[in-house]
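**Student:** 3D model of this:
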Amino acid sequence: MDEDMIEEKIEISEVKPSSSNTILFPNENKYAHIKNKMVRNQKYKKEKQVKQKEKKKSKLERKKSAEPKQLPHTIESLRDKDETFVDELVDEDRELVSHDLENDEFSNYYKQSYEPKVLITYSDNPMKKTRIFGRELTRIIPNSVSLYRNRSGVKKIVQSAIAKDFTDILVINEHRKEPDGLLLIHLPNGPTAHFRLSNVRITTELRKNHKDITEHRPEVILNHFSTRLGLTVSRMLGAIFHYSPEFEGQRAVAFHNQRDYIFFRHYRYGFDQNGKKARLKELGPRFTLKLRSLQRGTFDSKYGQYEWIIQGKRHSMETSRRKFFL
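**Tutor:** Now for the predicted structure:
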């Protein structure tokens with residue numbers, strides 16, 4: 001028997017036919033032809049041990065050679081490039097973006113020309129967890145108040161809030177006794193962002209002692225908003241907090257964007273005696289936001305102009321798992 005015939009037999013043994021005998025799949029166990037189960041398992045274990053030794057050996061070699069650790073491939077690291085990535089714009093486009101930021105609706109806040117004043121309200125007849133969640137937001141967001149809606153429409157609330165010098169409105173919606181939506185309206189001229197709200201855990205669900213949250217203004221961390229839309233959303237979220245944090249309180253709130261999900265966390269941090277290592281203690285609450293729409297101006301469900309919206313059926317815009325918008 002010549003060598004070509006031997007190679008062909010080896011290749012055939014490494015594949016297995018489908019049930020219809022039309023498609024060949026890689027053979028899951030290359031020792032399947034051995035009928036003795038004990039011998040088959042011994043060979044499989046022996047091969048596995050050899051692979052583990054090779055893996056350890058290569059790992060030690062990498063450590064000795066001080067090679068940089070290879071980052072694993074994730075959906076986030078393999079995301080499709082977006083034309084509006086802020087860090088990858090050419091000089092002319094960078095100037096255009098910086099000009100837009102200097103003249104957008106939040107420019108006065110970032111120039112520190114006013115202090116934010118936030119109104120937090122709810123859907124009609126909010127249940128217990130929604131009410132507690134709103135009150136906890138008042139402990140996190142400086143200069144904020146929580147008021148019931150009393151069956152008033154959103155447009156009427158906007159007019160009343162403008163008259164009372166509020167700069168932002170948060171409307172917490174609920175479904176089946178759980179908070180499930182967040183409407184953020186920047187006053188007096190918008191924009192309005194609608195978020196899906198999920199994974200809400202109030203402070204008492206995270207920890208027993210929640211009385212050590214001080215009234216100091218927290219630091220705000222806005223992380224991984226890389227597109228032009230993401231930059232607008234991050235500026236909008238940052239503008240509801242005071243621009244001058246009180247560092248002695250050692251409190252920080254973080255909005256971390258990952259795959260278009262915005263994760264919120266509230267921490268207290270501390271340092272060891274040498275000041276080199278930091279310790280984090282989660283204070284709560286925690287929740288996740290997913291942008292559904294961004295509307296120009298204040299809330300208008302009928303005639304509002306949308307800068308960005310998820311249209312049509314579910315996942316209709318998500319043509320690729322690697323396509324993200326923030």
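**Student:** next secondary structure after the helix or strand harbouring Lys51?
**Tutor:** Here Lys51 sits within helix 37-65, counting by DSSP states H and E. Remark: after helix 37-65, the chain's next helix or strand is helix 91-102, criterion DSSP H and E.
**Student:** for that next one, packing partners?
**Tutor:** When contacts are defined as 3 or more CB pairs under 8 Å, 6 or more residues apart in numbering; DSSP states H and E, helix 91-102 packs onto helix 228-238. Any C-beta I mention is one placed from the backbone N, CA and C, and that applies to glycine too.
**Student:** where exactly do the strands run in the stretch 201-326 of the chain?
**Tutor:** Assigned by DSSP state E, counting those that start in this stretch, the stretch 201-326 of the chain shows strands spanning 219-223, 251-258, 261-271, 278-282, 286-295, 306-309.
**Student:** which of those strands sits closest to Lys177?
**Tutor:** Nearest of the strands of the stretch 201-326 of the chain to Lys177, taken as CB to CB: strand 286-295 at 15.5 Å.
**Student:** the closest one: how far from the chain's middle?
**Tutor:** Put simply, strand 286-295 sits 9 Å off its chain's centre (CA atoms, centre = their mean, to the nearest Å).
**Student:** report the angle between it and strand 261-271.
**Tutor:** Here the directions of strand 286-295 and strand 261-271 differ by 130 degrees (axes from the mean of the first three to the mean of the last three CA atoms, to 10 degrees).
**Student:** buried residues in strand 286-295, which are they?
**Tutor:** The neighbour-count check on strand 286-295 (16 or more other CB atoms under 10 Å) flags Arg286, Phe287, Leu289, Lys290, Leu291, Ser293, Leu294, Gln295 as buried.
**Student:** now for those: which two are most distant?
**Tutor:** Arg286 and Gln295 (26.6 Å).
**Student:** which parts of the stretch 101-250 of the chain are helices?
**Tutor:** For the stretch 101-250 of the chain, applying DSSP state H, counting those that start in this stretch gives helices covering 107-110, 128-140, 154-163, 203-206, 228-238.
**Student:** return the most buried member of these.
**Tutor:** Highest mean neighbour count among those (mean count of other CB atoms under 10 Å): helix 228-238, with a mean of 21.
**Student:** tell me the buried residues in stretch 97-111?
**Tutor:** Asp104, Glu105, Tyr109.
**Student:** Lys81 and Thr227, how far apart?
**Tutor:** Distance from Lys81 to Thr227, counting by CB to CB, to the nearest Å: 10 Å.
**Student:** which one's more surrounded, the two?
**Tutor:** Thr227 (19 against 8; other CB atoms under 10 Å).
**Student:** now the buried residues of strand 286-295 as a markdown table including pLDDT?
**Tutor:** Written out in a markdown table, the entries for these read as follows (pLDDT from 0 to 100):
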| residue | pLDDT |
| --- | --- |
| Arg286 | 92 |
| Phe287 | 95 |
| Leu289 | 95 |
| Lys290 | 95 |
| Leu291 | 93 |
| Ser293 | 91 |
| Leu294 | 92 |
| Gln295 | 92 |
